[in-house]
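[1] Provided below are the primary sequence and the corresponding predicted coordinates.
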Amino acid sequence: MTIVLIPSTGELPDVFTSVVQQLDQPKIFAAQGSLATQIKECEKFLDKHELRHSVVFACRGTGAFVAQAIKQASPNRVAGIVALGYPHAALKLPSFVFREKKLVPQHIPVVHVADEAQMLEVLAREDFRQS
């Protein structure tokens, strides 16, 4: 299992500083640009690091949208998604406001957590890592 951390759009990767210190060599994908761009760049990132299976995404905010899209495109590549601060409100916006809303596969499950400690607990669970 490889854990890939994805911050929310506009956040710097250092938002995961305390999480990184608790994990064994996680990778960090810094999400920038439109949602479509982030999805394409994340796919390239996974290919570059030869992450073809057993990827677990730990996300903040809109980073979860990227992870959901990757899981839909490559279901065998992604073992699970855990998100802190999942942006439910963005999905309630009309499409003319959130133009890339159709890129978010809302049927892809995400484990929602309240804080970083809970995120680490979920990532440590054996049943989550094998899902």
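    Ah, there it is.

[2] Compute the distance between Val20 and Ile6, please.
    The gap separating Val20 from Ile6 is 13 Å, by CB to CB, to the nearest Å. Heads up, the C-betas are built off the backbone N, CA and C, glycines and all.

[3] Could you pull out the residues contacting both of the two?
    Taking CB atoms under 8 Å, 6 or more residues apart in numbering as the contact rule, Val20 and Ile6 both touch Ile28.

[4] Compare those two (neighbour count), which wins?
    The neighbour comparison of Val20 against Ile6 (other CB atoms under 10 Å) goes to Ile6, with 30 against 15.

[5] so what's that one bridging to?
    Cys59 (DSSP bridges).

[6] Quick check: it vs Pro75, distance?
    18 Å.

[7] Ok, Leu123 next?
    Leu123 sits 20 Å away from Pro75, going by CB to CB.

[8] And these two? Which one has more around it.
    Leu123 (21 against 9).

[9] No further queries at this time; thank you.
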